[in-house]
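A.B. asks: give me a 3D structure for the following:
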Amino acid sequence: MKLKLHHINLVTENVARADAFYQDIMGLPAPTTGLPTLEKDKGYAGDVAFRHDGDVQLHLAQKDVQAGFNAGQIVNPVSHGHIAFRTDDLDAFKAHLEAKGVAYANWERAAVKGWRQIFFYDPDGNVVEVHEVADDA
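C.D. replies: Sure, this is the predicted structure:
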């Protein structure tokens, strides 16, 4: 099981303003490949813009404090943002968390088409995502 930093998700009340900042001020282009397809009918229907530095994506998501409730999950990844890692074996990583006593919310395929996702908190309350691209993606 390996992990690789995949994206940082920042939440905003104004996606267009944040997107303009990261394009115009930070000089980050929009990625043309590898973009997630959002499942907007499964709990989170907010707008999201995407930027990247060539390796790591930046997801600029419309803040939604109700997304966790709407999806029936205890962790809400779009209330304050999160950092995301991609793994090649999500089941092994979940077993690792369970062995370490770390609780997680199993969003599975509720947010992004073709991704299996879990979310959990680090010791300071920051949300961490780990996902894998599903075999049927």
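A.B. asks: buried residues in the longest helix along the chain?
C.D. replies: Across the chain, the longest stretch assigned as helix under DSSP state H is helix 90-100. Residues 90, 93, 94 are the ones in helix 90-100 that count as buried (16 or more other Cβ atoms under 10 Å). Where you see a C-beta, it was placed from the backbone N, CA and C, and this is true even at glycine.
A.B. asks: need the mean per-residue confidence for the very next helix or strand once past that helix.
C.D. replies: The helix or strand immediately downstream of helix 90-100 is strand 105-108, counting by DSSP states H and E. Strand 105-108 comes out with an average pLDDT of 82.
A.B. asks: restricting to C-alpha, output strand 105-108 in PDB.
C.D. replies: Written as PDB, here are the backbone C-alpha positions of strand 105-108 (Å, rounded to 0.1, in the frame of the first residue of the first chain):
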ATOM      1  CA  ALA A 105     -16.200   8.000   7.400                       C
ATOM      2  CA  ASN A 106     -16.600   5.600   4.500                       C
ATOM      3  CA  TRP A 107     -17.900   7.900   1.700                       C
ATOM      4  CA  GLU A 108     -17.100   5.200  -0.800                       C
END
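A.B. asks: within its sheet, name the partner strands of it and how each one runs.
C.D. replies: Strand 105-108 pairs in its sheet with strand 115-121 (antiparallel), by DSSP bridges.
A.B. asks: kind regards, and thank you for your time.
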